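**Q** Predicted model, plus sequence, below.
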Amino acid sequence: MNIFGLHTFAIAPVWDLARIEPQMDRLKELGIGLLEIPLLRPREIDTRRTRAFAGHYGVELIPSLGLPRALDIVAHPQDGLDFLEPAFRVCEEVGSFGLAGVTYGSIGKTTGRAATTREIDGMCRFLERAAKAARSHGLKLGIEPCNRYETHLINRGIDAARIIERIGADNIFIHLDTYHMHIEEESFAAGFEAAAPHLGYVHVSEANRGVPGRGMLNWQACMKAIADIGYEGPITLESMNHVDQDIAGGLATWRPVAEDPRDVIEVGLPFLREAARAAGLQLG
């Protein structure tokens, strides 16, 4: 069984328990056992209240983020590590197993050309130090390949696997997202197979970031590919129903992704459970 997760953006643009808690009974009915926290500004998270909330409802938590655009982790890696440190503290205090997302770069920041040797070397040195910092908090560190319009550094599962194998840190995992895979991978089978040895987290997201099943994504192929590699980790719906202004530009989210935002949960979650079941997976 794979734990079934939901990114906060389906409900609110930030981690807002006043908006999330009223929906928890329904989310539990739909099989949700994990919530993803957008860690845009770590100091805004009330970690004590958040951990109590998770314990009360019996859900796991995983924060995620992208680095601020102003950071240059190649030229000034310590600035990036200083940014991650409060994020690691939040992860530890809420009881998460790790930090996911674009921990190696900024969402929507590209140079307009292929990554240089200097950039890849610098990113690897940064991730090696970030992984050691995460380990000091008892955490794992995720790296999420993104499509070419959001980063030029890591676009595919195979790219992420090569980075991890070069660094050699056993607490770095790959965080795949079907939205990005739909753009960058030759097939879901190829992407999941390449990432399989290091895969620790999966976003299931429709091709238009809206309601799963109402876009162009081939869910049958996607779920079969996940089942075929024997992946047993979390599978989390990420939809851009509500996006914080600090990240909306990087994601190029200009308009509502669903005519009725409630459909992301009420239609999308049951659709994903059925698509998974048909492939031999069990969510929740």
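**A** In hand now; what should we look at?
**Q** from memory residue 89 sits against residue 136, does it?
**A** No. Here residue 89 does not reach residue 136: they are 10.6 Å apart, not a contact under C-beta atoms under 8 Å. Heads up, the C-betas are built off the backbone N, CA and C, glycines and all.
**Q** pLDDT (mean, whole number) over the longest helix seen in the chain?
**A** Longest helix of the chain, by residue count under DSSP state H: helix 117-136. Taken as a whole, helix 117-136 carries a mean pLDDT of 98.
**Q** going forward can the numbers begin at 48, since that is how I track them
**A** Let's use 48 as the start, then, which means that last one is helix 164-183.
**Q** Could you export the following helix or strand past it as CSV, keeping only the C-alpha atoms?
**A** For helix 164-183, the following helix or strand on the C-terminal side (DSSP states H and E) is strand 187-190. Extracted in CSV, the C-alpha atoms of strand 187-190 (Å, rounded to 0.1, in the frame of the first residue of the first chain):
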residue,chain,number,x,y,z
LYS,A,187,16.2,12.9,4.1
LEU,A,188,16.6,15.4,1.3
GLY,A,189,14.5,15.3,-1.9
ILE,A,190,15.5,16.6,-5.3
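**Q** gap between strand 187-190 and the chain center?
**A** 10 Å (C-alpha atoms, centre = their mean, to the nearest Å).
**Q** Beyond it, next helix or strand please.
**A** Heading C-terminal from strand 187-190 (DSSP H and E), you reach helix 204-214.
**Q** hmm, who's touching that following helix?
**A** Outside of helix 204-214, the residues within contact range by C-beta atoms under 8 Å, 6 or more residues apart in numbering are 151, 167, 170-171, 174-175, 178, 190-192, 201, 219-221, 223, 228, 232, 237-242, 244-246.
**Q** 7 Å instead, please
**A** For helix 204-214, contacts defined as C-beta atoms under 7 Å, 6 or more residues apart in numbering pick out 171, 174-175, 178, 190, 192, 201, 219, 221, 223, 232, 238-239, 241-242, 244-245.
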